Every structure is written in C-alpha cells, then in structure tokens.
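Engineer: Next input, structure requested:
(2 chains)
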Amino acid sequence: MSLDTVAQAIAHPDTAQPFKELGLKPDEYVRIKEILGRRPTSSELAMYSVMWSEHCSYKSSKVHLKQFGEKAPKSDALLVGIGENAGVVDVGQGYAVTFKIESHNHPSFVEPYQGAATGVGGIVRDILTMGARPIAVMDPLRFGPAEAADTRRVLPGIIAGVGGYGNCLGLPNIGGEVVFDETYIGNPLVNALCVGVMRHSDIKLAKAAGAGNLVVLYGAKTGGDGIGGVSVLASETFGDGGSTKRPSVQVGDPFVEKVLIECSLEIFAEDLVVGIQDLGGAGLSCATSELASGGSGGMKVQLDKVPLRDPSLSPEEILMSESQERMCAIVEPSKIARFLEICKKWDVTVTVIGEVTDGKHLEITWNGELIVDVPPRTVAHDGPVYNRPLAQPEYIDRVNAEKISVPMPQSSTEIKAALLKLASAPNMADKSWVTAQYDKYVQGNTIQAQPDDSGMVRIDEKTHLGVAIATDANANWSYLNPYQGAKLALAEAARNIATAGARPLAVTNCLNFGSPEDPGVMWQFAESVRGLADGCLEMGLPVTGGNVSFYNQTGDVAILPTPVIGVLGVIDDVRTRTPMSFDKAGLDLYLLGTTGAELAGSEWAFLHGQRGGNSPTADLQNEMNLIEVLLAGRSEKIFTAAHDLSQGGLAMTITEMVLRHMVGATISLNDVANDLLSETPGRVVIAIDSSKSSALLELCAKYKTPVSKLGTTGGDTLVINETVISLQELKTAHTSTFPRLFG
Amino acid sequence: MRVGVVTFPGTLDDRDAARAVRAGGSEAVELWHGDADLKNVDAVILPGGFSYGDYLRCGAISRFAPVMTLIIEQANKGMPLLGICNGFQVLCESHLLPGALTRNSDLHFLCKDQVISIENTNTPWTSSFSKGQEILIPLKNGEGSFQCDDATLASLEGEDRIIARYVGENPNGSRNLIAGITNVRGNVVGLMPHPEHAIDALTGPSAEGLGFFTSILNAMVK
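Structural biologist: Coordinates of the predicted model:
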C-alpha cells in the first residue's frame, strides 16, 4: 500500500475515502475538507474520525453539558475545572485532590476481564496525568439479572479484571456498587473512579508550550490493540489485510502501569515536564492534538520514531491505536537528560518523537514524508456539535399513572419473611464475595471501604486530614423521572459522605444512557443533566468533570437512564469520623428525616416486578440541613454511629447496622410495613449514647431536621415491634446470595 | 537499628512496611532492587506486591535481582530476613525457605481479615508474641496456598519451623494451615498475611501485627 501524504492529497483530490466506515457523516467529511482546503490524507482522516467520535467529542452531549459551567456554583475549592483530564479540588493544608469517573461498558461486555481492567487503568492514568499520586479506586457496576447466563459470563471476569488491575497497581478499592436489572443484560456498566492527591504546586496540565521543547512518548510500546475502527483500517483502502483479527479491546499490563506511575511521579517531583497527557481513547491522535492545541498550536512529530510492538503497523493504525500504559510529555531540552535517566532507572521505554514549534499546525511525518498537517484545535476541540431531537418518551405518563400494588407485610411472620427476602435479594445482599477480590488495605491509609456509606482515605498521617468519596445512582427513579433521579442521586452521594462526618466538596459523574439517536433517550439524558446541574447549583457543589457513555442498548431496548454521581468530601480528622454502625448495647437509635409512602422505584417494588409510579421529589434544602446535622453530630461528638437510608429503606439500613458487629437492636414502628420499606430520601439512622439526647434534639431543632426515636441497641436479635429475627438467620440470608450465585 | 525494605519494580507494600518498621521503633532504609548495596542494614524485609508483574511464577524473577545476591549471602550468615506475601514467594524461589506458594484453592484473589496463631516465638520476628497467641491481620493474595512434599512438611512440623497457622477455615488450601515458616537457623521468616497493614486499628483490622516489628528491634538490641 502506498503512503498517503499531504502531497498525494493535493495531487489526487478525488481519491475515494472510507469516511462512512470510519463513522463520519457526509457533512462531517465535507467540513474536514473545508478546514484543510483539500481532502484529508488517510492519516488525517483517521485522526478526525476518532477525535470527532461521540466518545471523544461529546458531540451529542456538549450542548447539555455546558449547563455544568453555566450553573456552576461559586466555589473556592475548585482549582481545575471541566476540560482537563480531571478536575482538581482544594482540600486544605496545601493539598489538592483530583478525582474522576469513567465508563468502560462496551469493552467489558466483549471481553469482561480486559475491558474492566483497562477501564481501571485508563482512569488511573487520567489522575496521574494531573500530577497526582493515585490513592484509591472505586467501581460502580451494573449487570443483567443475577440468575441470567450472560451475567454469569461477564460478572466474574469483570470483578476479576477490576481486582486484577487495581490490586497490581497497589491501589485500595474502597467502594462501588453492584446492581442487577434486566435492562443491563447485554449492556453491563463498568464505571471506574480514581482519586489522587498532590500538593497545589504539583498540578500538571495538558499543554505543549515553548517552541523547541521536546515531545516525549514513554511507557509501553504501541501495538495493534484497541484500534477503534479496526474493521475499516483493514479494508482495502487502508490495510494490508493482516489486521482484521486484531482485537478492538485493549489488553492491559498493570505491571507496566505501576512502573509508569512511579516513574512519572519521580519525573514530576523533579519538575521535568511542561505539559503531560496520557494516551487513552484515540491514542496518539488525542494526545498530540490536545497537547498542541493546549499550547500555541505548533508541533512536529516523527511518527516513525514511535516504538512498536508490531512493526507492520501502518501510520494510520499507530495514530489510532489505544495500546495501554503510554504517556506523552512535553520536556524542555535542558531537562531531557534527567528525564531519560529516570525512565532508565524504571526500565521504561522512552522516545523523543518530536518538538513544539512556533507554528500553528500539527505536522506529522512518516520517514520524512508529511502525512498530517492540521490546525490541532480543529481535531481536538472543534468537532461537530449536535442538538439532537429530544422528546419525552410515551412511557413516562403511562408509568407515572400506575399505582404501586405490592404486598405490605403485617403479621410477624410476614415482616420476618420480608426482611429476609430483602436482605438476600441480589441488589441488597452482602457484597463480600466481590470486595474480597479487591485489596482494600494497600498504602495503609484506608479508613472506610465498602460496605460503609462512603470510602475514606487518610491523606496526611500527621494531621489526619482525609477525603471521603461515594458514588450513587438510582436508575429506577431516573426511569420514572430523570430530572428528579439525578438530583436524588446527587443528594444520596452527598449524604453518604456526610454520614461519616465529611463535608461534600465537589462532584463528578458518569452518565450511562442508551442511543442519543433515540429522542426519548436524548430527553432522559437532557433531563438528567438539567437535574444534576440544578442540584449542584442549589447544593453549592461544582461539577469537576465526568464522562458520557451512550449507545448502551440492545436493539430498541435501552438501559435504564443511569447517571452515576460521585461526590468527594473532606474530613479534618479521620480519627473522629462517625462509623456506620454500633458495636455495643444500650445505645439509643433515632431516625433523622420523615418517612412518606414512597414505594415507587423501591427495591420492594422491584422485587415484585413493579416499575411504575412517581419518583420522590428531591428536597435539597432538607438534604443540606440534614448534612449540617451529620457534620455537627460528628464534630460535637454526639453520634456513635450513622447510616444512610436508601435502596431497601429502613429494613436494609437496620439490617446492615446490626450485622456489622453482630450487635442487635429493638425498634418500634407505627406503620411497620411502610416504615420499613418506603424509600423516602433524606433519612439517616443514628446511634447515640443516651446522655446525648438533649444535644441531639437541640441540633435537629437548629437545622429544622425531624427526628424520632426508633429504639435501642443490644442483644443477638433484631426486634421490630413483635417480630423477632435472630441475627444469625439474618446474616445467613444476607451473606449466602453471592456465593450461591457465583460460587 | 536499621531495617532495609526492598523495592522491586511492582512492589506495592514497601511504604507500608517502612511505616511499620518505624512504628516498631527501628529506622526504615530503602533498598533498590538494582543496587548491590545493603546500606549497612541489620535486617531486611521483602514486602508484598507483584514484583516484575509476577507473570512468571510469583517471585521467580526477583530472586535474580542484584540486591538479592547480597541478601541471600547475609541471610545465610544469620541476618534476620522477613518476606511478606510476595516476599515469602521470593524467599521460596530463592531456596532460603522450602516449599512453594500456589494459586488459592478457590482460584480468586482473596482479601480478608484473618486470625492466625503464632506457633514459634523463637525467631527474631516473632519474639514479642506469646506461643499460641492469636492475632487478627489482613490476608490478601492470589497465590497464597503453601505446598510442599510430605518429607518437607514432616521436617517443618518436627523442627518447630511453622511460625504461624491460620485459625478457623482454611482460607487458601495451604497444607497444615501454614501461614508462615522459618528456615533451620530461624533467622529467615516467610509470612503470607500482612502484619504491616495491622499496626493501627484506624487503618487495619487491629494493631496486632506490630509485634513482628517490635520483635526485630528487640532481637537486634540483644
């Protein structure tokens, strides 16, 4: 195959190009020609096609996502906002924390282990790229029905992949979710969150400034894995016919990434880089164009210098390869010797592939011939923007009008049966089978991990400063009302931070939806973004970044709208956090918040095959008052334990509390069935020493938060009015589901 | 007292081990796999992790690291040496300890809080404990099932060289519930669970792992 150079493109303007097969629309192809004033070379076409893809360009979501900026609350905490690899938040004492969540849904369906593993690897590099040491990961996961054959195919591999990669990097896994629903069959959701910490002065950005500075590629060699449009590249126009069977899922090597992390942190510590970018989606196309457009625009790259695992790769394939564990740095010539020395110490492959110029174009050559000559901003940032049609789907009015009709347990036998049914339901059951495959102890700073409400890590051993993170989504509510669903997920994540006594600071999100070409799905998406932006404004929490995953659907069936919201909080002294449960008898139990008759979208309704009704309405003012109560309850040493109510209502919250240390409780309820099963948001169960009761009541009065006494702790049973359940029986029900299903 | 902590590429628990050494009252000294220099340390810890990725048998490559040549030499002269998890695997691959660590019996990576009983308190790493003392420390590995032939097992049992056993259900299929062993001389100890993650109840399941690190200080002061 002959090399398609810029000279060729000028000489042969009418050569047919496979833009459609690369996923570009005819008008997008025309626009590329207008930008360049000629047809693109095959390499340029490859770059535009991956960078203008939905995944990289956010072309369907951009018009909605800008609300996160427009409605951004004033926040002194935000050091770096949306647009960089990850947002950065000031957590005090000179520390900055960066965190982000991303999806790796489709690859994980195709190849569960590698898909999930490289999902972890990708988000960790995003955090590293900001200049931070990664300190923890979390993984919200969603699967088809627990009993489904395909769930048994993907779940063990995904769990092993998350664990295999994260464990080998030495990153504690401190939480996540495992949720089952029929709409995720064929579309498992693998979202991965990473958090990192650095000093303020260490923040790094993706920019290539300073003519004469060197473009340095380091890390793994480039291979033929993860080429998005591989089938096209193997077509007659591009390929040599040998690459048809190359996997489109990347293959991860966590050992290389671990070494890359340590090597990069040593390089950062000596201040050897001007700008840095990791190679993730769209590989070198993304890194070079983003770095160049982050600077003044000029960059020259000699593509033939890129070290290859497979010497037969064409330039187009090299530009599109998503081989993992690679980084691209901009280095001043005076610092390159030391840079190379550190790479040598860590046995990391490193190559100078080009330099920053004072021009405006990104020029890429292949053995001296010019194959790319583009204004980099047109590749990286000026992609198409679609205002896709959206319309409220017909199901909304229908399901909102449905009345929930589920059995409400009344007798002791029924109440006990209901509790055991909930405790053993796959969505509610103990997740130790999963979390036991993750290292939660490495680095020695883990304060809380699953099954706590949030994950918490210490970031300073002397001052005891720490951060807490929670991720939440309630897709059942988002299905009924995506605007409220997003707000409610935000409120829940913030509450899950606050129960431990950490103050919520900032938000990240991973928005998982069906096809944006379906106006109904697009409406769900738009409503979710609007809800999240409004909620963040009201709660004063800036969105620092996030990720959109579309096309999660099989045929016409889209997944439930699943906006996963991550909230990060700060706690001044991790030693004084409020734990999620009590380990002694004689404490008083109280419920903060009020319970309404809200079974729509509840786990109890789900267990009875009901999906209708109206979602609760988020009352964020109440939520913010509740958060103040939780923070003061910790700092004023009033609370002994606090645990959020969410899916499964009070029934699950009290179950999780008594099982944590196998210390029972006796509670009395007025309307037993509804009090146990309703999922009214904005509620928390707390335990206090009886001497603190007046302090509690004063605190709740101050923040206008309803409070009612539930009962007391102690014994080896859970007693609810006349119903007595042995903790052992409850524990067996709660802990046997996952081993039974997945062995 | 100076306790060296080795970092191989892929080592993960080196900073945790160094923290535990300091908590036990000794000075932690960083040792780099590629440097044939023990920096005058009095004892060495090989921490956990996935050295060189452990894509071959765990620990199989690390034993050839330049620093290991010196460590093996000094250990054979009596220097106290503790291998934790991946470090235990390296000690077996180096033939400083007998047997091998194989895939957990259920084939999953397993991270859990594990009770072990200290069976031998005569080593420099276990002297702070009392014989039969039960402690709760994290166990976290994919290949922690201790295996050896019958003759080796008989000599380990007969010579009181099993320093710790799992209590309760066998977590990984190790023979005779073995969690840790020592060499004939008693200066080299391999341990699968992680005492360095149990030096403070704030960040671990207990502070009962600290005894390994106070033991080494006591041993060297004597």
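Engineer: Flag the shaky bits of chain A, pLDDT-wise.
Structural biologist: Flagging of chain A using pLDDT under 70 yields the residue ranges A:1, A:228-249.
Engineer: List the residues that contact the residue nearest in space to the middle of it.
Structural biologist: Centroid-nearest residue in chain A, with CA atoms, centre = their mean: residue A:101, separated by 2.4 Å. By CB atoms under 8 Å, 6 or more residues apart in numbering or on different chains, residue A:101 lies in contact with A:123, A:138, A:140, A:191-193, A:471, A:508-510, A:546-547, A:564, A:566. The way it works is simple: take the backbone N, C-alpha and C, and place the C-beta from them, glycine included.
Engineer: of these, closest to chain B?
Structural biologist: Closest approach between these and chain B, by CB to the nearest CB: residue A:138, at 15.2 Å.
Engineer: can you list the residues of chain A near chain B?
Structural biologist: A:160, A:163-164, A:167-170, A:253-256, A:258-259, A:262, A:345-347, A:435-447, A:458, A:461, A:574-575 (CB under 8 Å from any CB of the partner chain).
Engineer: From these, which land in strands?
Structural biologist: A:446-447, A:458 (DSSP state E).
Engineer: rewinding a little: of the residues of chain A next to chain B, keep whichever come out buried.
Structural biologist: In the residues of chain A next to chain B, burial by neighbour count holds for A:160, A:163-164, A:167-170, A:253-256, A:258-259, A:262, A:346, A:435-447, A:458, A:574, counting by 16 or more other CB atoms under 10 Å in any protein chain shown.
Engineer: which of the residues in the lowest-mean-pLDDT helix or strand in chain B are buried?
Structural biologist: When the helices and strands of chain B are scored by mean pLDDT, DSSP states H and E, helix B:211-221 comes last with a mean of 93. By neighbour count on 16+ other CB under 10 Å, the buried set for helix B:211-221 is B:211-217, B:219.
Engineer: Can you list the neighbours in contact with that helix?
Structural biologist: Defining contact as CB under 8 Å, 6+ apart, one finds that helix B:211-221 is touched by B:1, B:3, B:20-21, B:23-26, B:42-43, B:80, B:82, B:118, B:123-129, B:135, B:191, B:195-196, B:199.
Engineer: If we use 6 Å, what do you get?
Structural biologist: With contacts defined as CB atoms under 6 Å, 6 or more residues apart in numbering or on different chains, helix B:211-221 is touched by B:1, B:20-21, B:24-26, B:42-43, B:124-129, B:195.
Engineer: In helices, which of those appear?
Structural biologist: Using DSSP state H, B:20-21 are the members of the contacts of helix B:211-221 that sit in helices.
Engineer: Could I have the ChimeraX command that selects the buried members from the contacts of helix B:211-221?
Structural biologist: Selecting only the buried entries of the contacts of helix B:211-221 in ChimeraX, with 16+ other CB under 10 Å as the criterion:
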select /B:1,20,21,24,26,42,43,124,125,126,127,128,129,195
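Engineer: Which of the contacts of helix B:211-221 fall within strands?
Structural biologist: residue B:43.
Engineer: What is the most widely separated pair among the contacts of helix B:211-221?
Structural biologist: Greatest spacing in the contacts of helix B:211-221, by CB to CB: B:42 and B:129 (20.4 Å).
Engineer: Any idea what the residue nearest to the centre of chain A is bridged to?
Structural biologist: The partner list for residue A:101 in beta bridges (DSSP bridges) reads residue A:193.
Engineer: From chain B, how far out is it?
Structural biologist: 22 Å (CB to the nearest CB, to the nearest Å).
Engineer: Could you do residue A:698 as well?
Structural biologist: 30 Å.
Engineer: Could you tell me whether that residue really is in a helix?
Structural biologist: Yes: the assignment for residue A:698 by DSSP: H, G, I helix; E, B strand; the rest coil puts it in a helix.
Engineer: Spit out the contact partners of it.
Structural biologist: Residue A:698 is in contact with no residue at all, counting by CB under 6 Å, 6+ apart.
Engineer: Quick check: it vs residue A:634, distance?
Structural biologist: 16 Å (CB to CB, to the nearest Å).
Engineer: cool, and residue A:732?
Structural biologist: Distance, residue A:732 to residue A:634, using CB to CB: 33 Å.
Engineer: Neighbour count: those two, which is higher?
Structural biologist: Set residue A:732 next to residue A:634 and count neighbours by other CB atoms under 10 Å in any protein chain shown: residue A:634 wins out with 22 against 13.
Engineer: okay, now residue A:530: neighbour count?
Structural biologist: Residue A:530 sits with 17 neighbouring residues when counted by other CB under 10 Å.
Engineer: Backbone dihedrals for residue A:306, please?
Structural biologist: Main-chain dihedrals, residue A:306, degrees, to the nearest 10: phi -60, psi 120.
Engineer: Which residues are in contact with it?
Structural biologist: By CB under 6 Å, 6+ apart, residue A:306 lies in contact with A:222, A:318, A:353.
Engineer: Can you pick out the ones from those residues that are in helices?
Structural biologist: Using DSSP H, the subset of those located in helices is residue A:318.
Engineer: would you turn the contacts of residue A:306 into a markdown table with neighbour count?
Structural biologist: Below are the contacts of residue A:306 laid out as a markdown table (neighbours: other CB atoms under 10 Å in any protein chain shown):
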| residue | neighbour count |
| --- | --- |
| A:222 | 24 |
| A:318 | 25 |
| A:353 | 21 |
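Engineer: now, among the contacts of residue A:306, which is nearest to chain B?
Structural biologist: residue A:222 (19.2 Å).
Engineer: quick one: that closest one and residue A:321 touch, right?
Structural biologist: Yes: at 5.2 Å, residue A:222 counts as touching residue A:321 under the criterion of CB atoms under 6 Å.
Engineer: Name the residues contacting each of the two.
Structural biologist: With CB under 6 Å, 6+ apart as the test, residue A:222 and residue A:321 reach no residue in common.
Engineer: OK, contacts around residue A:712?
Structural biologist: By CB under 6 Å, 6+ apart, the contact set of residue A:712 is A:588, A:666.
Engineer: does it sit in a helix, a strand or a coil?
Structural biologist: Classification of residue A:712 using three-state DSSP returns strand.
Engineer: Report the beta-bridge partners for it.
Structural biologist: Judged by DSSP bridges, the bridge partners of residue A:712 are residue A:588, residue A:666.
Engineer: Tally up the residues packed near residue A:594, please.
Structural biologist: Using other CB under 10 Å, residue A:594 is surrounded by 13 other residues.
Engineer: Going by secondary structure, it is in what exactly?
Structural biologist: Assigned by DSSP states H and E, residue A:594 belongs to no helix or strand.
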